[in-house]
Structure formats: C-alpha cells, structure tokens
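build me a model from this:
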Amino acid sequence: METKETDEGWRRLSDRADVSYITRKWLDVAYGSLSPAQQLDIYLPESGEGPFPVILFIHGGAFAMGDKRDGQIESYLRGLQRGYAVVGVNYRLSGEAIFPAGLRDVRAAIRRLRAHGAVYRLDGSRIAACGESSGANYAAMIGVTDGVPLFDDPALADPGLPANVQAVVDWFGPTDFLKMDEQLAASGLGPCDHSRPDSPESLYLGAPLGEVPERVRLANPMTYISDRMPPILIQHGALDAVVPFQQSVGFARAIEERVGLGRYELDVLENAGHADPMFRTDENMARVFTFIDRHLRPSYPS
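Next up is the predicted model:
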C-alpha cells in the first residue's frame, strides 16, 4: 500500500526516529527466536516507577517494509509525557514470511510484554494497540482475534499468556481487501491495482487476492467482529488514494451492526490523504490520547 505514496511527508516518516533524548529505554529486545525481525523497543517515561500502561505501536509499510524505529512512531512517543510506556514492534515482513506470520509475531510480542512486565515496569492489563495502514490492519486484527487459534504459534514466546488488548487505534488500515479496488474506483481515486499479483496485499497473502478468497477472508478484520473486541478509534482520510476511506466506514458500520454503538469511534478527515500530516497534528494527537486515556486509565488505580 504505502509503496504507492511518493509525497515528502511519507518519506519523512520512513526516516529514523530520534530516540536519543529518551533515557529509560531498552532497544532491540528479542521476543522470539525464529527471525531477527522479532524484536521490540521499549520506552519509559522519564519519571515514575510504574507499572506503566502500554501504547504498542505497529508500523506500516505495505506489509513489506518499515521498522519499529521509523519516524512513524514519533507522534506516539508523546505518550511518554502522559505516563505511558511506548513500545515499537518489528515483525516478519511479507518478503520473509507470508500471512499469518506477522500477526502471530505481534501477538507473541504482546505476550512477552506481559511475561516480563515486572522487569520493564509495564502494566500488562492496560495495552493499546495502535498502527497505521498495514500496521493498522494488524492493530485491528489484534483487537478482534482474541482467542482465535489460527493466530497462535506455540513455537513463539509465552503461549500460555493472553494476547488481547484493551483499546485499538486504527489509522487508515485496510479491513476488507477484495473491496479496495472497487471503492477507489467509486471515489475516482487510485490506481485500482490491489488485486494484481504484485500488490502489497497479494504478496502478503502469497497469491493474487482473487485466487485465495478464503485466505483473504481470514486476513480481514471484518471477519472477526464480536462483542469480545475492545473499543476502537478509527481514523481515515477521505482523499486516501491508497487505502480507500470506505474501508474504515464499512468496518465501523459492521461493528455497529454486530456489536452496537459505543464500541467504536470513527473520524473521517475530509481533506486528508494517505499518511497525511493531519493525523499527526497536536489537535489530532490530543484526540487520540484522550481516547486511549479513557479506555486504559479509568478502571484502574493511578
């Protein structure tokens, strides 16, 4: 998906984030042994003993590229000033292993955070999964697949611990792969080439989308919506020419139909494109953190 974006803003997000100012951190912490990609970065607020609630950030990159220390994470590092630990996670990309390997990795990372919460001063009962684009697909999938055996790999870390989260933030993530091209065409945006054999989604699934409809269904967050899912904030730009905004509108509508009002919040940013700087403004990040605060803090002692 992001391979189509050529604007300067997206290229800037692919640059390395500056984390030198963060004094309390652990970098490149392994959570698995199947791949060098299975690593975490953990950042703590400058003061306090914790345990700290956790913002888990899942980078985008068309399922094929990106890194936990890309500039994408910088907006979420503002959470350190609000008393959150922030964790960036790497996972196997589609060039190394196809679906569901990357999702299994992220679930294993969550389990590892819970298993070693005392070491890293983390509160494993308060985790928000946040991501953008392909990373938002993972964040949404983490939210809706609690208890789905397909996404548990006993060869990965701490299989006996839960991999659920208490909140999700989904920035312009794909949720229904087979509808992307028709939705882009309906909006006059594009190119409409997600079903090509070399599209990011086809490479992620290991075959052209039209040839593996059951695999597509399994990779869509739409498939798993249930009343077990945590609250989710969904934000999408109406001018997104990569992941059509109808993906998020349809996801929200399906949640409302199957679970009811109150489980999701949907913001369509009228003048925003894919990976638009509008998502990272002070105003929008305040909106995001207010949502996370509401679902990670109130039910727990401070």
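
quick one: distance of the longest strand seen in the chain to the chain centre.
Ranked by residue count and defined by DSSP state E, the top strand of the chain is strand 122-132. Its chain's C-alpha centre and that of strand 122-132 lie 11 Å apart, by CA atoms, centre = their mean, to the nearest Å.

then stretch 61-68?
11 Å.

same thing with stretch 18-27?
The chain centre lies 22 Å from the centre of stretch 18-27; the measure is CA atoms, centre = their mean.

and the longest strand of the chain, which strands flank it?
strand 52-58 (parallel), strand 167-171 (parallel) (DSSP bridges).

can you list these in CSV and add distance to residue 87, mean neighbour count and mean pLDDT?
To be clear about C-beta, it is placed using only N, CA and C from the backbone, and glycine gets the same treatment. Shown next, in CSV, are those (distance: least, CB to CB, whole Å; neighbours: other CB atoms under 10 Å; pLDDT from 0 to 100):
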stretch, distance to residue 87, mean neighbour count, mean pLDDT
strand 52-58, 5, 27, 98
strand 167-171, 14, 29, 98
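
tabulate these in JSON lines, adding columns for distance to residue 126.
As requested, the strands paired with strand 122-132 are exported to JSON lines (distance: least, CB to CB, whole Å):
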{"stretch": "strand 52-58", "distance to residue 126": "4"}
{"stretch": "strand 167-171", "distance to residue 126": "9"}
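
of the ones you listed, which is nearest residue 155?
strand 52-58 (21.0 Å; CB to CB).

mind listing residues that contact the closest one?
Taking contacts as CB atoms under 8 Å, 6 or more residues apart in numbering, the residues outside strand 52-58 that touch it are 44-45, 68, 72-73, 76, 79, 83-89, 91, 106, 109-110, 113, 121-124, 126-131, 135-136, 138-139, 142, 165, 292, 296-297, 300.

report the buried members of these.
Burial by neighbour count, judged by 16 or more other CB atoms under 10 Å, picks out 44-45, 68, 72-73, 76, 79, 83-89, 91, 106, 109-110, 113, 121-124, 126-131, 135-136, 138-139, 142, 165, 292, 296 from those.

quick revisit: got the angle for the following helix or strand past the longest strand of the chain vs strand 52-58?
Of the helices and strands lying after strand 122-132 in sequence (DSSP states H and E), the nearest is helix 134-144. If you take axes from the mean of the first three to the mean of the last three CA atoms, to 10 degrees, helix 134-144 sits at 130 degrees to strand 52-58.

now helix 134-144: average pLDDT?
Averaged across helix 134-144, pLDDT comes to 98.

do the same with stretch 150-158
pLDDT averaged over stretch 150-158 gives 85.

same question, stretch 259-269
Rounded mean pLDDT across stretch 259-269 is 95.

list the buried ones in it?
263-264, 266-269.

which of those residues sit farthest apart?
263 and 269 (21.0 Å).

phi, psi for residue 88 please.
phi -100, psi 140 (degrees, to the nearest 10).

how far away is it from residue 155?
23 Å (CB to CB, to the nearest Å).

try residue 115
For residue 115, the distance to residue 155 equals 16 Å [CB to CB].

quick one, which of the two is more surrounded?
Remark: of residue 115 and residue 155, residue 115 carries more neighbours, 15 against 10, as counted by other CB atoms under 10 Å.

isn't that one right up against residue 161?
Yes - using CB atoms under 8 Å, residue 115 is in contact with residue 161, at 5.8 Å.

show only the entries of the buried residues of stretch 259-269 found in helices.
Among the buried residues of stretch 259-269, no member falls in helices (DSSP state H).

need the residues you listed in CSV with distance to residue 275, can you?
CSV is the format used below for the buried residues of stretch 259-269 (distance: CB to CB, whole Å):
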residue, distance to residue 275
263, 26
264, 22
266, 19
267, 16
268, 16
269, 12
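
and those, which is closest to residue 221?
residue 264 (11.5 Å).

who's in contact with residue 160?
Contacts of residue 160 by CB under 8 Å, 6+ apart: none found.

right, I mislabeled it, should have said residue 189
Residue 189 sits in contact with 239-241, 244, where contact means CB under 8 Å, 6+ apart.

just the buried residues of those residues.
Neighbour-count burial (16+ other CB under 10 Å) is assigned, among those, to 240-241, 244.

could you dump those residues to TSV with distance to residue 100?
Below are the buried ones among the contacts of residue 189 laid out as TSV (distance: CB to CB, whole Å):
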residue	distance to residue 100
240	25
241	28
244	24
